[in-house]
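Colleague: Attaching a predicted model along with its sequence, questions to come.
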Amino acid sequence: MSKIETEVLIIGAGVLGAATARELSRYKVDVTLVEKEVDVGWGITKANVGVVCQGRDTLEFRPEYHRTKLLWKALPLMEPLCKELDVPFKRVGAYLMIRNLARKDKLDKLAKRTESLGLGTDTYLPYSELKKREPFISRDIKGGLYDHAIAVVHPVCLTQALAENAVQNGVNLMLETEVEEIQTGDSYFSVRTNQGEIKTRYIINAAGEWVDKIAAMVNADDFVLFPIKGYVGVLDRDCSELAKSLLAILPEEPGDMNIVVPTVEGNLLFGIQLQINRRHDHSTTEHMARKALENVRKIIPEISEKDIINSFCGYLMFRNFEIGWHECEVAMSSRVSRFVNMTIGYPGVSASPGAALEVVEILRNDGLRLDPNPKFNPYRKGIPDFSVLSEKERKALIKKDPKFGHLVCRCEMVTEGEITEAIKRGATTLDGVKFRVRPGTGRCQGGFCGPRVTRILARELGIPETEVTKAGKGSAVVPLRTKQLLEEGN
Amino acid sequence: MRERSKSLWLIASSREVIKVSRREIVICIGCPMGCRVTVTLGKDGSVTTLKGAECRQGQKYVLNELKNPLRTLTATVRTVDEDFPLLPVRSSRPVPKTLLQPIMRETARIRIKTPVQAGDVVARNVQGSKADLLATTDWSGPGGEG
Amino acid sequence: MVSKVDVAVIGAGPAGLAAAISARERGAERVIIIERAERLGGLLPQCVHNGFGLLYFEKDMTGPEYEKAFVDKANSLKVEFMLETMVIDLNEEGMLTVVNRQQGYKKIKPGAIVLAMGCRERPRGALGIPGERPAGIFTAGTCQRFVNVEGFMPGSRYVVLGSGDIGMIMARRLTLEGAKVEAVVEIMPWPGGLIRNEVQCLHDFGIRLLLEHTITFIHGKRRIKGVTVAKVDRDLRPIKGTERFFPCDCLLISAGLIPENELSKKAGIELDLVTGGPVVDQNRQTSVPGIFAGGNVVQVHDLVDWVSWEAELAGAAAASYADKGKIKRADQIRMVAGENIKYVVPQYISGKDDVTLHLRVSRPGLRANLKVGNILSKRFRSVRPSEMIILDIKAEKLRDARTLKELVVDCKLEGGD
């Protein structure tokens, strides 16, 4: 077991941890980022629907909330960040709609507040106008507020890009490293992990779903979190035209989320069916799936069960839920010095660039010396996406590397070139490849490309195919060889 | 109907039970018709009547199923080629159902090292069945073109 | 740009091979098959079991043998192949955009096109089974490829969801390969595949077939640990209190096949919502002139023999089209699926020539009376949705129907369900 010393240890390589690591890599400071999974962005981040919002899209919005301030700080940063990291950012706009004219006063109130805060003007559109812009919406919708600023990103791709760029700039990323115990010393923490001990001056707790458990290891859990499980469904590409913008219905009951979100790839996501739940249970349930479908049909009646190609569940860690609504916090623990908790919970992706800046401020104010890193390079080049390239670009790419002329995934049009590049960038599993370059996310869900991607992984990683996993230890894709069982019986 | 035919199937493959005089239905699998053939068996296990088979071959099949059920075994055997690890094979003639598993275990002991053509024998008289295992496709040998 | 291609066939499975051969035999000079995989045969190489060719060759063949017969013939007729080549676009003018390693990115404008892309399996996500998302869930066909071609076993203890043919065939294969198949779970009251497969793949090995059951939950965080199976009511909803846990380290899905028509959509070809394939006339010409289709891309067949047969029609018609610039459309009479009929292919017939109809019933039953308008009726002792009905109609029978615009096909069940 190795022993590592670092100045700042970030626990959790979700979007927050990765953004913080990347922000800190601007400075001459020793940063280690640990992640218990085999890849980055696989916790809460993975289940995020990727909406970049300002936090003024709900009635509970209050300018004095930290959550609001954080989002305002973060919002203008997101688009340039995505440019630097070469990840897709799509401004889709959003309609917050009502099904009952009696609720129009709520929308008016929201619009007025937005305007009085100088956040721009949201326009109210009656059904007739909405119908022109989004022809598939239900007749029951009476009208809605349009917000042009809403955008979407791919949460996992963003996290991968952040982590990649952080590593490029000197951050030490340790995967499959699970924090087991933390001891507090006078000027450092001693962190025991399954990969050995890490001695660190600061700890940034960005453990997402497990942020309270990590905090509890040093008695820094001066907050209570409520795990809220969320169900999200994925629709076939054929349904892409059903919604051009984010479509949401103004919550009819508190906490009742009902949205359709176009992703950067063009699929539609819908949900989010919420329920308070025991953590660690990421299973989808028949009840949630049914409710989510019922709900989405209130927005677009045409959507049917047949259109759903996938579904998943994740957690929103709500803070201060007991007093009415969720609040975000990025703060030094009130009980333990040099221990920073990031309890964003929701909306983590939107808040991440702002939250990272706040961590830097907190560390600076605490006396950490932060001299600029002269070698810092903010740019990271993305993996070419064959499916969206022009004819000319495709030709050039294949000329440079013939692997880009070999299409492995038909549904999403992914080439072998993209898959090998994803592996070079750190994908070691089927899901790792899938979350970088999408083979297996289309309507056949890996039926054709699954065996082929497995073989490419084995070849590129130099391991037997029997050791290739779906998502890390204990999830081998094909653990046995044909005839092995018969031999054992012989 | 379903449950019955299933239990009858088991009866058909077990000689002891056939001794009792009774009416049985055997599903013929000779063609996609799937004829449900009704057979009456005497006390000694001999067939007294046979109804419902659309063709002669079906009748033959049913009688055989009652007496000595045979199956064509198809399987794969290993080669030494990583790019073509398995060679598909079949039995040269139908083999008794009871020999299917023993022959399968034998396939695990075979490894093909030299080129073969479809129809070539890869193992003779497997498990004393008088059937050979025949390659059902060509393999041009290790490092060949598959 | 390649020099003039008369007929381009998309897909080198049983349909593509048969179509290309037939196009060559009908005089098309240059016939090219474009295939995305690294070898010919489509799914045939992984179908190492027998049961192929009974109708076509009147011989019981395995998948590889059936494949070889066609590949040898295609080679002798100098059919050309482009392997590991993906057709990424097909437009209404019949222009193909293809991509591969060697030639990169290119466009081909053949005289005629045959769609022979076959079908794909319905995946798990689409079925929306609640539960975890562990490793160890495969469609039956993907598992078949791993076990029979790639040389890997995804697990040692299986549950199969759906009793489609590939599912039942895999249940047998896995058992033969030394694995344990706990159960085949089918939501409908009847099996999804052929009778012979039910008998030879399940009964032979004592594998349980649980009809009117479904999987209600998938267990296991990293790798699947088991499934909860429950009985369903008449509306196919799980019945509370009937849940049982089946341990397994692998779940296979065999819940039906969907014709692969992404390219057809790009070309703006009219699709039949029931078959999932293009609407075709008697010659297997689609709604876009010059584009033909045959095999599982049109309708999911039970037997590969019919795939070859249908693709030959398409190939022959494509050759004529490429030669003369067009062929007479055979769309004078529309075939309509009436009572207890799920679909009829072809959707249009000429009314002047002999025709073979392929159809499926919606519900199984005994003593069925099948009627085509009032020109033909035929009795069946039993019908099942999983067994395709093939009906030959002679041209003279159709004489009276020539003035009609449509012909309705009905299948009344006189013996009840």
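Modeller: Perfect, thanks for sending it. Numbering: from 1, shown residues only, chains lettered A, B, ... in the order given.

Colleague: buried set for the longest helix along chain A?
Modeller: Secondary structure of chain A per DSSP state H: the longest helix is helix A:66-85. Neighbour counts over helix A:66-85 (16 or more other Cβ atoms under 10 Å in any protein chain shown) mark A:66, A:67, A:68, A:70, A:71, A:72, A:74, A:75, A:78, A:81, A:82, A:85 as buried. To be clear about C-beta, it is placed using only N, CA and C from the backbone, and glycine gets the same treatment.

Colleague: bridging residues for residue 231?
Modeller: I went with chain A, as the question did not name one. Residue A:231 has these beta-bridge partners by DSSP bridges: residue A:273, residue A:313.

Colleague: that's the wrong chain, I meant chain C
Modeller: Applying DSSP bridges, one finds that residue C:231 bridges with residue C:213.

Colleague: Tell me the pLDDT of it.
Modeller: Looking at residue C:231, its pLDDT stands at 97.

Colleague: Return the residues of chain B in contact with chain A.
Modeller: By the rule Cβ under 8 Å from any Cβ of the partner chain, the part of chain B lying against chain A is B:76, B:78, B:85, B:86, B:104, B:105, B:107, B:108, B:109.

Colleague: Tell me how many other residues crowd the third one.
Modeller: Spelled out, that is residue B:85. 17 (other Cβ atoms under 10 Å in any protein chain shown).

Colleague: gap between the residue lying closest to residue A:449 once chain neighbours are set aside and residue C:123?
Modeller: Nearest in space to residue A:449, with sequence neighbours left out and distances taken as Cβ to Cβ, 6 or more residues apart in numbering or on different chains, is residue A:409 at 4.2 Å. Plainly put, residue A:409 is 13 Å away from residue C:123 if you go by Cβ to Cβ, to the nearest Å.

Colleague: Comparing these two, which residue is more hemmed in?
Modeller: Set residue A:409 next to residue C:123 and count neighbours by other Cβ under 10 Å: residue A:409 wins out with 28 against 23.

Colleague: so that one makes contact with residue A:434?
Modeller: No: in this structure residue A:409 lies outside contact range of residue A:434 using Cβ atoms under 8 Å: 9.4 Å.

Colleague: shared neighbours of these two, which are they?
Modeller: Listed as contacting both residue A:409 and residue A:434 by Cβ atoms under 8 Å, 6 or more residues apart in numbering or on different chains are A:440, A:453.

Colleague: The residue in chain B positioned nearest to chain C: neighbouring residues, count only.
Modeller: Proximity of chain B to chain C (Cβ to the nearest Cβ) peaks at residue B:34, 3.1 Å away. Look at residue B:34: counted by other Cβ under 10 Å, it has 18 neighbours.

Colleague: Please name the residues that touch it.
Modeller: Residue B:34 touches B:27, B:28, C:194, C:195, C:196, C:387, counting by Cβ under 8 Å, 6+ apart.

Colleague: same deal with residue A:124?
Modeller: A:104, A:107, A:108, A:111, A:143, A:144, A:145, A:146 are the contacts of residue A:124 under Cβ under 8 Å, 6+ apart.

Colleague: Is it bridged to anything, and to what?
Modeller: Residues in beta-bridge contact with residue A:124 (DSSP bridges): residue A:145.

Colleague: Before we move on, what's the pLDDT of it?
Modeller: 92.

Colleague: do you know how far it is from residue A:257?
Modeller: The value you get for residue A:124 to residue A:257, if Cβ to Cβ is used, is 21 Å.

Colleague: How about residue A:328?
Modeller: Distance from residue A:328 to residue A:257, by Cβ to Cβ: 17 Å.

Colleague: contacting residues around whichever residue of chain C sits closest to chain B?
Modeller: Per Cβ to the nearest Cβ, the residue of chain C with the smallest distance to chain B is residue C:195, at 3.1 Å. Shown in contact with residue C:195 (Cβ under 8 Å, 6+ apart): B:27, B:29, B:32, B:34, C:387.

Colleague: Show me the helices in the chain, by range?
Modeller: Just so you know, I chose chain A. A:15-24, A:44-47, A:66-85, A:104-116, A:127-133, A:155-168, A:211-216, A:286-299, A:348-365, A:391-400, A:416-424, A:430-437, A:449-461, A:484-489.

Colleague: nope, chain C
Modeller: C:14-25, C:63-76, C:124-127, C:140-145, C:165-176, C:195-197, C:262-266, C:304-324, C:395-398.

Colleague: Okay, buried residues for the last one please.
Modeller: The one in question is helix C:395-398. By neighbour count on 16+ other Cβ under 10 Å, the buried set for helix C:395-398 is residue C:398.

Colleague: packing partners for it?
Modeller: Judged by 3 or more Cβ pairs under 8 Å, 6 or more residues apart in numbering or on different chains; DSSP states H and E, helix C:395-398 is in contact with no other helix or strand.

Colleague: Next: the second one.
Modeller: In this structure, helix C:63-76 packs against strand B:86-91, helix C:14-25, strand C:50-52, helix C:304-324, with contacts taken as 3+ Cβ pairs under 8 Å, 6+ apart.

Colleague: Near the residue of the stretch 151-300 of chain A found nearest chain B, how many other residues are there?
Modeller: Minimum separation of the stretch 151-300 of chain A from chain B (Cβ to the nearest Cβ) falls at residue A:286, amounting to 27.8 Å. Around residue A:286 sit 15 other residues, with neighbours defined as other Cβ under 10 Å.

Colleague: Distance check, it against residue C:243.
Modeller: According to Cβ to Cβ, residue A:286 and residue C:243 sit 12 Å apart.

Colleague: Residue C:152 reaches residue A:480, doesn't it?
Modeller: Yes: using Cβ under 8 Å, residue C:152 is in contact with residue A:480, at 6.7 Å.

Colleague: Spell out which parts of chain A neighbour chain B.
Modeller: Contact residues, chain A versus chain B (Cβ under 8 Å from any Cβ): A:482, A:483, A:486, A:487, A:489, A:490.

Colleague: Contacts only, for the residue nearest to the first one when sequence neighbours are not counted.
Modeller: Translated: residue A:482. Spatial nearest neighbour of residue A:482, chain neighbours left out: residue C:151 (4.8 Å); criterion: Cβ to Cβ, 6+ apart. Residue C:151 makes contact with A:481, A:482, B:78, B:85, B:86, according to Cβ under 8 Å, 6+ apart.

Colleague: before we move on, what about residue A:377?
Modeller: Neighbours of residue A:377 in contact, by Cβ under 8 Å, 6+ apart: A:165, A:168, A:169.

Colleague: Same list (those) but as CSV, adding neighbour count and distance to residue C:299.
Modeller: Listed next are the contacts of residue A:377 as CSV, based on neighbours: other Cβ atoms under 10 Å in any protein chain shown; distance: Cβ to Cβ, whole Å:
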residue, neighbour count, distance to residue C:299
A:165, 24, 51
A:168, 16, 53
A:169, 20, 57
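
Colleague: circling back to that earlier point, state the mean pLDDT of the longest helix of chain A.
Modeller: In this model, helix A:66-85 carries a mean pLDDT of 91.

Colleague: ditto for stretch C:394-404
Modeller: 84.

Colleague: Over to stretch B:24-32?
Modeller: Taken as a whole, stretch B:24-32 has a mean pLDDT of 74.

Colleague: so what's the closest residue to chain B within the stretch 1-150 of chain A closest to, chain neighbours aside?
Modeller: Residue nearest to chain B within the stretch 1-150 of chain A: residue A:38 (26.1 Å; Cβ to the nearest Cβ). Nearest residue to residue A:38 in three dimensions, chain neighbours excluded: residue A:472, at 3.4 Å (Cβ to Cβ, 6+ apart).

Colleague: how does the chain divide into domains?
Modeller: I'll assume chain A. Listed domain ranges for chain A are A:1-90+A:151-223+A:324-382, A:94-148+A:226-319, A:386-467 (source: automatic domain parsing).

Colleague: Not quite, go with chain C.
Modeller: Split by automatic domain parsing, chain C gives C:7-120+C:258-324, C:123-255, C:333-413.

Colleague: just how off-centre is the longest one within its chain?
Modeller: Which is domain C:7-120+C:258-324. Computed by Cα atoms, centre = their mean, to the nearest Å, the chain-centroid distance of domain C:7-120+C:258-324 equals 12 Å.
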